[in-house]
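[1] need coordinates for the below:
(2 chains)
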Amino acid sequence: KAGVTQTPRYLIKTRGQQVTLSCSPISGHRSVSWYQQTPGQGLQFLFEYFSETQRNKGNFPGRFSGRQFSNSRSEMNVSTLELGDSALYLCASSLAGTGYNEQFFGPGTRLTVL
Amino acid sequence: DQQVKQNSPSLSVQEGRISILNCDYTNSMFDYFLWYKKYPAEGPTFLISISSIKDKNEDGRFTVFLNKSAKHLSLHIVPSQPGDSAVYFCAANSGGSNYKLTFGKGTLLTVNP
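    You can find the predicted model right below:
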């Protein structure tokens, strides 16, 4: 079974631009979560989607948004990029049901904002 | 407010010995705990989990212990192997319909041959 895939793997953008990251979950997984990893803050939860609906949201500004499609694939968008948005963005998928399921992570997208 | 804490940034052990990684949490609503391993430039890899109704869970060389009264969990790796060298993250959530994982800052484990 293929794992979680994320595209692109690396991105370089400049301040003020916007960016869209993509995630394809493990086949059969209907929940997709996004996390931001930075050296200072560690891994922080952005949001979680299930059946095209956002169910959980972390403490990030509205510049961070996401969506999920009917095939469970998900995208996240960051508008008006700031230098502090430079991070590794990780997507994780999980079987639906409850939170008592492990989340499986993709390799991440490394975003650099110049 | 760091709800999941891994107080040791690094740990070094000899191959074949036991590695013990520790994690403390403050949120009494957490009832599901997971350990992940992460290599550079890769996403975290799930290792083992435990729910709050248990105090121990084993999977091969990996055992997780949960002490709810102390709000403490630990991951034991026996025997440790050089390939285990990675950053280990402890994570927790309150289960149910809450998919938000709260992570510790990680512990870098180095297993020396």
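[2] can you pull out the strands in chain A?
    Here chain A has its strands, by DSSP state E, at A:5-7, A:10-13, A:19-24, A:31-38, A:42-50, A:53-57, A:64-68, A:74-78, A:87-94, A:104-105, A:109-113.
[3] so which of these gets nearest B:S8?
    strand A:42-50 (14.5 Å; C-beta to C-beta). C-beta coordinates here come from the backbone N, C-alpha and C atoms, glycine included.
[4] what lines up beside the closest one in the sheet?
    Next to strand A:42-50 in the sheet, as set by DSSP bridges, lie strand A:31-38 (antiparallel), strand A:53-57 (antiparallel).
[5] how about these in a markdown table, adding mean neighbour count and mean pLDDT?
    Output for those, formatted as a markdown table (neighbours: other C-beta atoms under 10 Å in any protein chain shown; pLDDT from 0 to 100):
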| stretch | mean neighbour count | mean pLDDT |
| --- | --- | --- |
| strand A:31-38 | 23 | 94 |
| strand A:53-57 | 14 | 90 |
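[6] need those in a markdown table (columns: distance to B:D1).
    Compiled in a markdown table, these are given as follows (distance: least, C-beta to C-beta, whole Å):
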| stretch | distance to B:D1 |
| --- | --- |
| strand A:31-38 | 17 |
| strand A:53-57 | 18 |
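[7] which one is B:D55 nearest to, not counting chain neighbours?
    Spatial nearest neighbour of B:D55, excluding adjacent residues (C-beta to C-beta, 6 or more residues apart in numbering or on different chains): B:L66 at 5.2 Å.
[8] pretty sure B:L34 contacts B:Y99?
    No. Judged on C-beta atoms under 8 Å, B:L34 makes no contact with B:Y99 at a distance of 12.0 Å.
[9] can you get me a residue count around B:R61?
    14 (other C-beta atoms under 10 Å in any protein chain shown).
[10] out of the strands of chain A, nearest to B:T26?
    Using C-beta to C-beta, the nearest of those to B:T26 is strand A:42-50, at 15.5 Å.
[11] any residues touching the closest one, and which ones?
    Here strand A:42-50 makes contact (C-beta atoms under 8 Å, 6 or more residues apart in numbering or on different chains) with A:30-38, A:54-60, A:64, A:66-68, A:74, A:76, A:89-90, A:96, B:44, B:89, B:91, B:99-106.
[12] now A:N56. Nearest residue, chain neighbours left out?
    Per C-beta to C-beta, 6+ apart, closest to A:N56 is A:E48, 4.2 Å.
[13] helix, strand or coil: sort out the residue of chain B found nearest chain A for me.
    At 3.5 Å from chain A, B:G43 is the closest residue in chain B, using C-beta to the nearest C-beta. Taken by DSSP: H, G, I helix; E, B strand; the rest coil, the conformation at B:G43 corresponds to coil.
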